[in-house]
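Q: following is a predicted model, sequence given first.
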Amino acid sequence: MAHILIVDDDANTLASLARAFRLAGHDATVCDNAARALELVKSQPFDMMLSDVVMPGKDGLTLLEELRNVGVSLPVVMISGQANIEMAVRATRLGAVDFLEKPLSTDKLLLTIDNVLKLKRLEDENRELRQRVGKREIVHSGEAMRRVMAQVDRVAASEARVCIMGETGTGKEVIAHALHERSPRRGGPFITLNCAAVPAELIESELFGHEKGSFTGAVSRHTGKFELANRGTLFLDEIGDMPLAMQAKLLRVLEERQVERVGGDRAVPVDVRVIVATHRNLEELVKKGAFRQDLYHRIYVFPLFLPPLRGRGEDIPALAAHFAAQVAEQNGWKPRPFTADAIEELQRYGWPGNVRELRNAVERLLLLADGPVDRATVRLALPQLTPEVQHGPAAAWDGPLAERVDSFEREQILGELKRHNQRMTDTAKALGLERSHLYKKCQALGIDLRELRKQ
């Protein structure tokens with residue numbers, strides 16, 4: 001059974017159509033004007049709508065356009081006793097799935113309704129399948145990622161803008177998707193745009209859309225990411241690489257909650273939660289004049305710092321097993337376990353490409369291994385360990401466990417301090433620690449910060 005909204009200014013038509021639909025097993029709601037119909041679809045769910053074209057006040061075509069502008073996705077069949085080719089073409093361009101002429105044949109109408117509902121069910125199933133297939137599991141077992149996920153759970157249900165920071169490959173998009181899936185907007189779209197991957201001259205069109213003929217090559221109207229994300233979430237990856245001129249336009253959209261397509265002459269309201277991510281230091285970019293301070297304060301409401309993989313070695317066994325099962329299933333391979341010494345070798349490696357590099361390495365390991373993945377296979381598959389990516393000198397791995405752990409932590413902290421030019425705030429963020437905790441760690445491990453700054 002489907003719930004169908006019927007919109008027509010003729011009372012007899014409403015009564016006869018409602019009766020026919022109810023006899024066919026459907027639930028029908030009737031409405032005699034377009035303005036009321038728009039209120040109804042905003043306040044309650046319908047499976048489809050049947051609407052007349054010519055009505056007093058707003059006509060059916062205007063209703064179609066307003067439905068699209070407010071982000072309502074609903075199959076609509078248009079009917080008219082004054083139909084012509086131009087009217088039918090315009091209705092189709094505005095999103096109508098079919099156009100029927102009055103007087104209506106009940107049999108033909110019911111067949112059309114059945115076909116529309118079947119198509120809607122297929123689209124819903126495909127959408128659900130795409131979301132299930134595209135959803136990436138967040139695998140972790142260590143304290144660093146437990147803290148991150150606790151923050152995700154805390155902020156997801158709000159409308160607060162989240163700024164995800166971390167090195168390339170740490171899983172920023174996966175976390176953004178987790179925020180969406182845990183939010184009240186999870187039933188809406190999750191749209192992404194990598195700001196670093198779009199040429200500067202095209203990014204405005206990608207974000208806000210454009211009208212036909214607005215520039216050379218604009219052969220048709222293009223819907224921008226903001227409109228596509230209406231009632232959902234827009235994830236702007238690598239926001240630090242967005243051109244300054246575009247930053248000003250993005251700021252205006254965030255403030256006014258409406259976009260104007262390139263070449264357009266009217267504003268389109270949008271209801272979008274924006275999540276951003278970057279591997280760059282936005283504070284430093286603001287100081288250098290490469291990022292707008294007002295935009296920074298708009299997007300930096302709730303910061304989330306993703307630790308690099310080299311700082312969460314306890315997650316590597318679970319991640320390696322997860323990726324191995326995933327790769328084996330995708331390729332129809334026999335699952336292969338990792339030996340204990342293979343895991344140790346994976347944990348020694350520095351992973352400059354983070355989780356993304358680990359996933360690729362696991363696929364390479366499964367290709368190379370004839371049986372269980374062992375230390376020799378790992379050493380064959382990974383780049384040669386160097387002081388920059390090694391967790392510590394070989395000698396550090398001799399002696400009691402407590403000494404090995406201290407050596408490991410010391411090398412991690414020293415490496416991050418060097419990478420961040422001894423800036424304690426940035427180092428603490430990279431390691432997923434409180435600043436005060438990092439100072440205590442340095443003191444306990446004999447790291448002299450004053451001497452480091454002199455070097």
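A: Now that the structure is in, tell me what you want to look at. Numbers count the residues shown, from 1 in each chain.

Q: packing partners of the helix or strand where R154 lies?
A: In the assignment (DSSP states H and E), R154 maps to helix 143-156. On a contact count with 3 or more Cβ pairs under 8 Å, 6 or more residues apart in numbering; DSSP states H and E, helix 143-156 meets helix 172-181, strand 302-305. Every residue, glycine included, has its C-beta placed from N, CA and C.

Q: mind listing what's buried in the one helix or strand K440 maps to?
A: According to DSSP H and E, K440 maps onto helix 435-444. Buried residues in helix 435-444, counted by 16 or more other Cβ atoms under 10 Å: L438, K441, C442.

Q: please identify which of these is nearest to G71.
A: Comparing the buried residues of helix 435-444 against G71 with Cβ to Cβ places L438 closest, at 45.0 Å.

Q: what sits closest to that closest one if chain neighbours are left out?
A: Distances taken as Cβ to Cβ, 6 or more residues apart in numbering place A428 nearest to L438, at 4.4 Å, with adjacent residues excluded.

Q: in three-state terms, label that neighbour for me.
A: helix (DSSP: H, G, I helix; E, B strand; the rest coil).

Q: give me the neighbour count for it.
A: 21 (other Cβ atoms under 10 Å).

Q: how about F208?
A: Using other Cβ under 10 Å, F208 is surrounded by 25 other residues.

Q: where does F291 land in three-state SS?
A: Assignment for F291 (three-state DSSP): coil.

Q: hmm, it is touching T278, no?
A: No - if you go by Cβ atoms under 8 Å, F291 and T278 don't touch, sitting 9.3 Å apart.

Q: ok so, going back, could the helices and strands packed on helix 143-156 go into TSV alongside mean pLDDT?
A: What follows is the helices and strands packed on helix 143-156, written out as TSV (pLDDT from 0 to 100):
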stretch	mean pLDDT
helix 172-181	94
strand 302-305	94
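
Q: in a markdown table: the ones you listed, plus distance to L368 and mean neighbour count.
A: Shown next, in a markdown table, are the helices and strands packed on helix 143-156 (distance: least, Cβ to Cβ, whole Å; neighbours: other Cβ atoms under 10 Å):
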| stretch | distance to L368 | mean neighbour count |
| --- | --- | --- |
| helix 172-181 | 27 | 21 |
| strand 302-305 | 34 | 17 |
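
Q: nearest to T339, of the ones you listed?
A: Ranking these by proximity to T339 (Cβ to Cβ) places helix 172-181 first, at 27.9 Å.

Q: wait, what's in contact with P337?
A: A321, A324, P372, V373 (Cβ atoms under 8 Å, 6 or more residues apart in numbering).

Q: from D98, how far out is it?
A: 56 Å (Cβ to Cβ, to the nearest Å).
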